[in-house]
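A.B. asks: Sharing a model that was predicted from the sequence below.
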Amino acid sequence: MTDQPLRVAVLGGGSFGTALASIAADNGARVRQWLRDPALAEQINREHVNGRYLPDYAINPAVVAATGMAEVLEGADLVLVAIPSKAFREVVRQARPFLAPQQILVTTTKGIQEEGFKLMSQILEEETGFAHIGVISGPNLASEVADKQLTATVIASDDPETRTRVQTALGCDYFRVYASNDRYGVELGGALKNIYAIAAGMAAALGMGENTRSMLMTRALAEMSRFAVAQGANPMTFLGLAGVGDLIVTCSSRLSRNYRVGYALGEGKSLDEAVEALGQVAEGVNTVRLVRDKARAEGIYMPLAEGLYQVLFKGVPAKEMAKMLMLGEQSSDVEFVLAREDVQRAHRERAGETGGEHG
Ligand SMILES: NC(=O)C1=CN([C@@H]2O[C@H](COP(=O)(O)OP(=O)(O)OC[C@H]3O[C@@H](n4cnc5c(N)ncnc54)[C@H](OP(=O)(O)O)[C@@H]3O)[C@@H](O)[C@H]2O)C=CC1
Ligand SMILES: O=C(CO)COP(=O)(O)O
């Protein structure tokens, strides 16, 4: 490493991308941020504020925003990609001609691509073939990060250089960066928890209490872990910041967009109305459909994901679904302390009883 400051490029002008750009600049990096809206880029450069996504927070004046990929990526050591999953591959393809193999590429996006059920770091890998690939995930509501509330995140990568570079670039007295080598588990946790944040928002709007929220979060963790195990992932990763940590924050806060969509649904809005009123992406809406379909296809017992799917896309009233879930078979609490054969037998019996249906 030379003495010159780390050069960080952020792709995306949304709230989390902006918050991370500002941290990196606080830490002394040279920071360039790519976004497609020239007026917003100009506002960031002139007023040091992102009026569309983070209007109440000052951005470090050293962050330079631009709409040209080439100038943003030129010489970057670390590239953070903070683009919603639907547009992620398209933007990485736009960036590809200006990327080089020694660069570190890190996704912050908590979503899943429908084709092939791909996570974003897999897209980074597929589109570039580079070796330094990572994921940032954790309980990181962007506006709280921008407000410098004490926060922790996880950088997950099987590449040690990626982990240490990101810890150096972003770690500071209000943002702790823990490392993990379980990239898949960390990324999966971030995507899955959005499903349950929608359910938690809905429950809150329906006047359900704290016992209910606690039950929901804990059973969500059980369900997420079951899904992870079926995908060959290590469920222990979900005990960390990117699993239970993120589940707690997004199931508890109106700052979460997924929670807010759920809340609007609980108030009686249609899914289209709820999404439109939000005006930003709530990844969980798409994720619940993809995960529910995969769970059905692979016989993974996920009653909450199935129930939420029925409410969102099949018009089942949320209260009715909650009642049905409460009357469903009373299964075991922590499956991992049971013998594997007992868990498998219980799942087989349940599948037999319901004819393979969930819920
Ligand atoms: N916000 C949060 O609290 C956190 C978010 N995350 C994750 O990080 C990801 C990115 O988050 P965040 O910064 O919040 O993003 P936002 O949803 O706030 O903003 C999305 C950004 O992506 C841009 N974008 C969307 N579609 C395209 C496209 N087709 N081409 C180019 N640019 C596009 C938007 O541009 P435009 O404005 O022009 O549409 C905007 O700059 C999210 O998917 C989320 O899962 C992770 C932790 C916290
Ligand atoms: O992931 C987040 C906080 O960790 C942000 O959640 P939302 O996308 O629901 O706002």
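C.D. replies: Good, I have the coordinates. In this text the structure is predicted, and so the values were computed from the model without any measurement. Ligands and ions are numbered 1, 2, ... in the order given.
A.B. asks: Tell me the residues of the stretch 101-250 of the chain that contact ligand 2?
C.D. replies: 110, 139-141, 194, 197, 246, 249-250 (Cβ under 6 Å from any ligand atom). To be clear about C-beta, it is placed using only N, CA and C from the backbone, and glycine gets the same treatment.
A.B. asks: Return the member of those residues nearest to Q330.
C.D. replies: A197 (24.8 Å; Cβ to Cβ).
A.B. asks: among the residues of the stretch 101-250 of the chain next to ligand 2, which are in helices?
C.D. replies: 194, 197, 246, 249-250 (DSSP state H).
A.B. asks: re earlier: mind putting the residues of the stretch 101-250 of the chain next to ligand 2 into JSON lines with pLDDT and distance to A24?
C.D. replies: Listed next are those as JSON lines, based on pLDDT from 0 to 100; distance: Cβ to Cβ, whole Å:
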{"residue": "K110", "pLDDT": "98", "distance to A24": "20"}
{"residue": "P139", "pLDDT": "98", "distance to A24": "20"}
{"residue": "N140", "pLDDT": "98", "distance to A24": "14"}
{"residue": "L141", "pLDDT": "98", "distance to A24": "18"}
{"residue": "N194", "pLDDT": "97", "distance to A24": "25"}
{"residue": "A197", "pLDDT": "97", "distance to A24": "27"}
{"residue": "D246", "pLDDT": "98", "distance to A24": "21"}
{"residue": "V249", "pLDDT": "98", "distance to A24": "22"}
{"residue": "T250", "pLDDT": "97", "distance to A24": "24"}
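A.B. asks: What subset of those is buried?
C.D. replies: 110, 139-141, 194, 197, 246, 249-250 (16 or more other Cβ atoms under 10 Å).
A.B. asks: coming back round to it: out of the ones in helices among the residues of the stretch 101-250 of the chain next to ligand 2, who's nearest ligand 1?
C.D. replies: Ranked by distance to ligand 1 (Cβ to the nearest ligand atom), these are led by N194 at 7.3 Å.
A.B. asks: Surely the closest one is in contact with T250?
C.D. replies: Yes. Using Cβ atoms under 8 Å, N194 is in contact with T250, at 6.7 Å.
A.B. asks: shared neighbours of those two, which are they?
C.D. replies: N258 (Cβ atoms under 8 Å, 6 or more residues apart in numbering).
A.B. asks: so I155 is in which element?
C.D. replies: strand 151-156 (DSSP states H and E).
A.B. asks: which ones are touching D159?
C.D. replies: Contacts of D159 (Cβ under 8 Å, 6+ apart): 131-134.
A.B. asks: Let's see the pLDDT reported for it.
C.D. replies: On pLDDT, D159 comes in at 98.
A.B. asks: quick one, phi psi at it?
C.D. replies: Note on D159: its backbone torsions stand at phi -100, psi 110 [degrees, to the nearest 10].
A.B. asks: Low-confidence ranges, the protein, go.
C.D. replies: 1-2, 336-340, 342-343, 347, 350-359 (pLDDT under 70).
A.B. asks: Show me the domain layout of it.
C.D. replies: 7-181, 193-354 (automatic domain parsing).
A.B. asks: Determine how far the longest one lies from the middle of the whole chain.
C.D. replies: Which is domain 7-181. 13 Å (Cα atoms, centre = their mean, to the nearest Å).
A.B. asks: ok, back up a step: need the contacts of D159 in TSV with neighbour count, can you?
C.D. replies: Conversion of the contacts of D159 to TSV gives the following (neighbours: other Cβ atoms under 10 Å):
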residue	neighbour count
A131	15
H132	22
I133	23
G134	29
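A.B. asks: Need the max-distance pair from the residues you listed.
C.D. replies: Farthest pair in those, by Cβ to Cβ: A131 and G134, 10.9 Å.
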